[in-house]
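Asker: Would you be able to build a 3D model of this:
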Amino acid sequence: YKRQLFAAAPWATGYGIACGRPPLHLVGLDLDVKNGIDSLSALEHLAEEREFAIPRTTTVLTPSGGRHLWLRGPSDTTVPNSAGRLGPGIDVRGLGGYLVGPGSVTVRGAYRLAPGSQSRAPAPVPARLLPLLSPPLPPAPPPHRQDGNGGANGRAQGAALVHFVRGAGVGQRNARLFWAACRAYETGHGPQLAGALVEAAVATGLSEHEARATLASASHRSARL
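Answerer: From the prediction side, this is the model:
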C-alpha cells in the first residue's frame, strides 16, 4: 500500500495515517524524548500504577529518537487527541489526528518501523488504559424542573451546549463535542440537538464524519449509564 501511495505521488516525501477511523479505529501513543523527557519510562510507570501491560504492537521510530505505538481502538468509543495528559511527553492521537507513516522522510530524518514491527498488527488498547485516553466528564447538571418554563429551560440548555461546542479551540474540539453530546443525551435532548451540535462542530473545523462519529459514541456511552 505504501508503494502505491508513493507511486501515485512520486514527488512526496511522506504521508499521514488518519486515526480513529474504521476499520482499525487507530489510536497512536506518541512518545517524545525532546528536552530530556523520558516518555517511555513515564508510560511504564503508568502501566505499573494502573496494572496494564504495554502491548507488543506496531511501532514506528521517529527521527528525534521517540516512537509511535499503534493501537486498535474499540469501534464504539471516540478517543480524542491530547498532549501530555497521560504523562510527560506522551501525546495521544485519536479521531481527527494522524500519525506520520513509516518511510516518510523529513529534514530531521526518516520514520521507520522498529525491528520486529513488520509482522505485527496494531494490538488492542488495553482495557485499563482506555478510560485514561479521554478526559473525565464533568458531572451532569441537575435536571430542570418540569414546570411551565420546562420548554424554555430545555432550549436554554441546548443553546448553551451548542455555544460550548462552538467555542472549542484546536485540540479541544472532539472533547467538547463529546461532553456536550453526553449531556444532551443524558437529559433526553440528544436527538433534537444532534443536528445543531454537528453544525457547531463543523464550524470549528471538524469534518461532519468525525462529528457524527463522536455523537454516536456519546449516545452509546449515555445508553450504558
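
Asker: excluding its backbone neighbours, what's nearest Ala181?
Answerer: Ala218 (3.5 Å; C-beta to C-beta, 6 or more residues apart in numbering). All C-beta atoms are positioned from the backbone trio N, CA, C, and that covers glycine.

Asker: quick one: the one you found is in a strand?
Answerer: No. Using DSSP: H, G, I helix; E, B strand; the rest coil, the assignment for Ala218 is helix, not a strand.

Asker: where do the helices sit along this protein?
Answerer: Using DSSP state H, the helices of the chain run over residues 2-8, 39-50, 150-166, 173-186, 190-204, 208-224.

Asker: Dump the C-alpha coordinates for the fourth one into PDB.
Answerer: These are the backbone C-alpha positions of helix 173-186, laid out as PDB (Å, rounded to 0.1, in the frame of the first residue of the first chain):
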ATOM      1  CA  ARG A 173     -13.000  20.100  19.600                       C
ATOM      2  CA  ASN A 174     -13.700  16.400  20.000                       C
ATOM      3  CA  ALA A 175     -13.600  16.500  23.800                       C
ATOM      4  CA  ARG A 176     -16.000  19.400  23.900                       C
ATOM      5  CA  LEU A 177     -18.400  17.900  21.400                       C
ATOM      6  CA  PHE A 178     -18.300  14.500  23.300                       C
ATOM      7  CA  TRP A 179     -19.000  16.200  26.600                       C
ATOM      8  CA  ALA A 180     -21.900  18.300  25.200                       C
ATOM      9  CA  ALA A 181     -23.400  15.400  23.400                       C
ATOM     10  CA  CYS A 182     -23.300  13.200  26.500                       C
ATOM     11  CA  ARG A 183     -25.100  16.000  28.400                       C
ATOM     12  CA  ALA A 184     -27.700  16.200  25.700                       C
ATOM     13  CA  TYR A 185     -28.400  12.500  25.600                       C
ATOM     14  CA  GLU A 186     -28.500  12.200  29.400                       C
END
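
Asker: Give me the domain ranges for the protein.
Answerer: 10-132, 153-223 (the TED database).

Asker: With respect to these, which exhibits the lowest mean confidence?
Answerer: Lowest mean pLDDT of the domains of the chain: domain 153-223, a mean of 84.

Asker: Please name the residues that touch the nearest residue to Gly65 once chain neighbours are set aside.
Answerer: Using C-beta to C-beta, 6+ apart and skipping the chain neighbours, the partner closest in space to Gly65 is Val33 (4.7 Å). Listed by C-beta atoms under 8 Å, 6 or more residues apart in numbering, the contact set of Val33 reads Ser39, Leu40, Ser64, Gly65, Gly66, Gly89.

Asker: picking that back up, right, so the helices of the chain: which one is the most enclosed?
Answerer: Each of these was scored by mean neighbour count; the highest is helix 173-186, a mean of 24, by mean count of other C-beta atoms under 10 Å.

Asker: helices or strands up against that helix?
Answerer: helix 150-166, helix 190-204, helix 208-224 (3 or more C-beta pairs under 8 Å, 6 or more residues apart in numbering; DSSP states H and E).

Asker: quick one: it to helix 208-224, angle?
Answerer: 40 degrees (axes from the mean of the first three to the mean of the last three C-alpha atoms, to 10 degrees).

Asker: ok, Gly65 to Ser119 distance?
Answerer: 24 Å (C-beta to C-beta, to the nearest Å).

Asker: More neighbours: which of the two?
Answerer: Gly65 (11 against 7; other C-beta atoms under 10 Å).
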